[in-house]
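Asks: Dropping the sequence and predicted coords here.
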Amino acid sequence: MKARAFLLGILMLTTPPANAGERMTLNVSPAVSFAPANLIVRATIPSDPENRAVEVVAESAEFYRSSMIQLEGDKAARTNMFEFRSLPPGTYEVRANLFGSGNEPRETLRQQVNVIASGSGGR
């Protein structure tokens, strides 16, 4: 029950208000799925000449996967999609880290997702 309340709180905190002026938004789907899960992560990054890279991480207590792409500042695509395939069961923190021209972190967003064991007896 605590996990559900925590998940709801995280979702509410990571949903930006309209016109908030944030550099980046993060959308992860599905929020709950059965293992092995495929997650689609969408990072929307407004045009800015200082943007140089975005890294997306999916991490649980027993599993870690990440992907990083270079950005060309204000010439970069606004929406960047990442796919994490075949994630095992666990509660995952999905993070998007935006880096600037000096490789300094500019912004980090987090969202929690839950991958549930399928109960298929070892499949």
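Replies: That came in fine, so what should we check first?

Asks: can you pull the buried residues of stretch 43-59?
Replies: Neighbour-count burial for stretch 43-59, with 16 or more other C-beta atoms under 10 Å as criterion, is recorded at 43, 44, 45, 48, 51, 52, 53, 54, 55, 56, 57, 58. From N, CA and C alone the C-beta is placed, and that goes for glycine too.

Asks: How far does it stretch from one end to the other?
Replies: With C-alpha to C-alpha, to the nearest Å applied, stretch 43-59 spans 17 Å between its terminal residues.

Asks: 28 is where my numbering starts, stick with that
Replies: With the count now opening at 28, the last piece we talked about shows up as stretch 70-86.

Asks: What strands flank whichever strand in the chain runs longest, and is each parallel or antiparallel?
Replies: Looking across the chain with DSSP state E, the single longest strand is strand 132-143. Partner strands for strand 132-143, per DSSP bridges, with pairing direction: strand 59-61 (parallel), strand 117-126 (antiparallel).

Asks: Quick check: which of those strands has the most neighbours on average?
Replies: Ranked by mean neighbour count under mean count of other C-beta atoms under 10 Å, those are led by strand 117-126, which reaches a mean of 20.
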